[in-house]
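Peer 1: please work out how this folds:
(chains A, B, C and D)
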Number of protein chains: 2
Amino acid sequence: MHIDEGTALTTDHGRAGAQSSGPAEPRRRPRLEDVASALGVSIKTVSRALRGDPKVRESTRQRIVAEADRLGVQLNDVAAGLRRKNQAMTTIGVTLGDCTNPFFAPMLRGIHSVATERGYLVLTADAQNDPELEHRAIRSFFAHRVAGLIIAPVGDDLGYLANEAAFGSAIVFVDSPPPGLGESMDSVTTTNAASTREGVEHLLARGHQRIGYLGHPRRGSGAEERWAGYVAALEAAGLRVDPDLVRDELVTEADACRAAEDLLETARPDAVFVDNNRLCTGLLQSKAFARRRLDVVSFDRFELAAAFGVSVIDSDPYDVGRAGAKLLFDRLADATRPPQRLEVPARLVVHEDPMY
Amino acid sequence: MHIDEGTALTTDHGRAGAQSSGPAEPRRRPRLEDVASALGVSIKTVSRALRGDPKVRESTRQRIVAEADRLGVQLNDVAAGLRRKNQAMTTIGVTLGDCTNPFFAPMLRGIHSVATERGYLVLTADAQNDPELEHRAIRSFFAHRVAGLIIAPVGDDLGYLANEAAFGSAIVFVDSPPPGLGESMDSVTTTNAASTREGVEHLLARGHQRIGYLGHPRRGSGAEERWAGYVAALEAAGLRVDPDLVRDELVTEADACRAAEDLLETARPDAVFVDNNRLCTGLLQSKAFARRRLDVVSFDRFELAAAFGVSVIDSDPYDVGRAGAKLLFDRLADATRPPQRLEVPARLVVHEDPMY
DNA sequence: CACGTAGGTGTCAACGTTGACATTAGAGTT
DNA sequence: AACTCTAATGTCAACGTTGACACCTACGTG
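Peer 2: From the prediction side, this is the model:
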């Protein structure tokens, strides 16, 4: 690629030695100094002007901004980062246990929205449900000197983070509280137990007595709390938990699909509560469900729940994301305040089967 | 800030100076120098050892790695970035037109997978279908000195990127070719026309003649090509395009839902082709569809397509992501090669309505 | 008029790392 | 013994920015 004079646009600041044989020598990015020398001011003044420091005469500021625009000069965040306390970049890291979970996309959007407001960028990592990948991603994030971290954890011991927090990095957990870190960190979870109970009570109120349960492993992600909500609802209604109606330790959609075939065939529930959206979509894809549609309540929203008439317990993931990000920036602003544990309320969204 | 001797590591890192009045003074992160002085070698040697430079005696390397581990020293990517050509970080940026589109999550995973292999991190931005946000995100990315950029564009003139490419940044477009940049950049798209034609022919083969069309605006995202595929299939079958069967300029799910109500009620198609997944989920949520389920083929996969018996044209987004990321790193490795336009083949995945 | 004050601007030395080049020690060669 | 060669290590000056602090001017104020 040969860069000819016309490429310039904002202006041409071609590096003179045009007869250089080799091709594609990339141009050097313009820096503060280019503006400074063009205008006969110091680099420092340019720096100040571009960052909106008020200690610059308005007329100077305008000249500088104009020239910077003309040259296409933009502050180098990397260099600026190096100068900051802790060398922190204006970047936050987000690790997702599984980025294809439909819960996470809107959550990420919530995080983005807050980060953008504050002028931060978002690094993402997809742990693919593997604690080892999660750990590696987090290490990389710190090597990049993120200002903070939002973690939807998959590992069950993140003790190694305690270290990092001591270096001034803010850390917030979303979706599930900090495994292996006691109460010492900020987190955003949702009303797992109460909302599950509400969901199961909804099914009871519709006259169902035999309510199946599909759940993921009890550790992490509030699975215990959701289970507790299920138990509580049944007990309050004077019903016993029937182990035949329960399938847990399910992880993938395929697990849930298989479990659903089995559950619906053998235990014949009137209705089913599902502990998260991934498992619910598994259920919906089972032949047994297609044959005999029954009332379902799922934790977590998913696309098309309405079209299936599946009621969901929706802990608005966008809000979870925003709340998590806000918590992060608050902690960044004040490292001393006590750890916060936020609970975003989840609400039951009832959907009727559109096919009656 | 007072750095005390015991700063050590993975273990108990009580910040000793307990009597310090102000709380939470973060410790200083250990650096190469800490290892160097602990071992009586130069910083440079530590740098070499930690980066795997072979010009270090094996025994020295081991001592250094061990000590670095003990102290929790990790290379500072920010500082290293500053030293690199173009000050590029080991980071790539990804802008998504709409991060909640189910197409993008697996694509992002594909990008992550390649980036991780190469030791790069991924910055994401969500343009929310707003060209202005897209532009701002891209500017921020460059301020952070990303090595390269993967763009699923929403804006219809990204001419401002030409500049950046000249500074040595690699840029790849996914999903839709570079608007306003001619043929000058790498891109990954899919077989829009051919696969659409295949999808429509599938509907024709099932005996349908009146095939509705729901589509998004013709500019961008291969909408034109998809439309062309629809037209070609009909014409090949000796059918005319009936304008009553076509609804386009649809953007949101709600648009599609409304359009579907109208289309199904008034024009009474036998089957429908939908131009993307977002619109398809809109269709599926319409009352008209719930009442009268008909054969549907949609471009782009979405969760639960199988459960609805909707056939999809699946341009495996994971592969698109991987291909895009590979293109990016290839360009980073060789800026001079001619721009590549990759087409990932999309294949028709037929699903039968599970309810018969 | 000496003196403080505030508003602009500049100088200098970092930040943590690495490229270029210098140095040293030891082994091998004549 | 004088030499070359190589492997291993070190020194120094960047990279582009900003914090700390110095300076200079103009403008009160007593």
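
Peer 1: where do the strands sit along the stretch 101-250 of chain A?
Peer 2: A:121-126, A:148-151, A:170-174, A:186-190, A:211-214, A:246-247 (DSSP state E, counting those that start in this stretch).

Peer 1: is the closest residue to residue A:139 other than its chain neighbours in a helix, a strand, or coil?
Peer 2: Nearest residue to residue A:139, sequence neighbours excluded (Cβ to Cβ, 6 or more residues apart in numbering or on different chains): residue B:74, at 7.0 Å. For every residue, glycine as well, the C-beta is placed using N, CA and C. Secondary structure, DSSP: H, G, I helix; E, B strand; the rest coil: residue B:74 is coil.

Peer 1: any idea how far the closest residue to DNA strand D within the stretch 151-300 of chain A is from residue B:191?
Peer 2: Distances between the stretch 151-300 of chain A and DNA strand D by Cβ to the nearest atom of the strand are smallest at residue A:168, namely 15.2 Å. As judged by Cβ to Cβ, to the nearest Å, residue A:168 and residue B:191 stand 50 Å apart.

Peer 1: put together CSV for the strands of the stretch 101-250 of chain A, with mean pLDDT, mean neighbour count and distance to residue A:105 on each row.
Peer 2: Formatted as CSV, these follow (pLDDT from 0 to 100; neighbours: other Cβ atoms under 10 Å in any protein chain shown; distance: least, Cβ to Cβ, whole Å):
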stretch, mean pLDDT, mean neighbour count, distance to residue A:105
strand A:121-126, 97, 24, 11
strand A:148-151, 96, 27, 15
strand A:170-174, 95, 27, 14
strand A:186-190, 94, 25, 17
strand A:211-214, 97, 25, 23
strand A:246-247, 96, 20, 27
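
Peer 1: I'd like those strands as TSV, with distance to residue A:291 appended.
Peer 2: Converted to TSV, those look like this (distance: least, Cβ to Cβ, whole Å):
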stretch	distance to residue A:291
strand A:121-126	35
strand A:148-151	41
strand A:170-174	38
strand A:186-190	33
strand A:211-214	15
strand A:246-247	18
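
Peer 1: one step back: does the residue of the stretch 151-300 of chain A closest to DNA strand D really touch residue A:85, like I thought?
Peer 2: Yes. Under the criterion of Cβ atoms under 8 Å, residue A:168 makes contact with residue A:85 at 7.2 Å.

Peer 1: neighbour count for the two, which is higher?
Peer 2: Comparing residue A:168 with residue A:85 by other Cβ atoms under 10 Å in any protein chain shown, the one with more neighbours is residue A:168, at 20 against 9.

Peer 1: near DNA strand D, which residues of the stretch 151-300 of chain A are found?
Peer 2: For the stretch 151-300 of chain A, the contact set with DNA strand D under Cβ under 7 Å from any atom of the strand is empty.

Peer 1: which parts of chain A are helices?
Peer 2: Listed in chain order, the helices of chain A (DSSP state H) span A:32-39, A:43-51, A:58-71, A:77-83, A:104-117, A:131-143, A:161-166, A:192-205, A:223-236, A:253-262, A:277-284, A:287-291, A:305-308, A:317-333.

Peer 1: closest to residue A:182 out of those?
Peer 2: helix A:161-166 (9.6 Å; Cβ to Cβ).

Peer 1: helices or strands next to the closest one in the packing?
Peer 2: Helix A:161-166 makes packing contacts with helix A:131-143, strand A:170-174 when contacts are defined by 3 or more Cβ pairs under 8 Å, 6 or more residues apart in numbering or on different chains; DSSP states H and E.

Peer 1: now the one residue in the stretch 101-250 of chain A that gets nearest to chain B: closest residue in space that isn't a chain neighbour?
Peer 2: When scored by Cβ to the nearest Cβ, the stretch 101-250 of chain A has residue A:168 as its residue closest to chain B, at 3.1 Å. What sits nearest to residue A:168 in space, not counting adjacent residues and going by Cβ to Cβ, 6+ apart, is residue B:26, at 3.1 Å.

Peer 1: burial count for the residue nearest to residue A:139?
Peer 2: Using other Cβ under 10 Å: residue B:74 sits among 18 other residues.

Peer 1: how close does it get to residue B:32?
Peer 2: Separation of residue B:74 from residue B:32 (Cβ to Cβ) stands at 10 Å.
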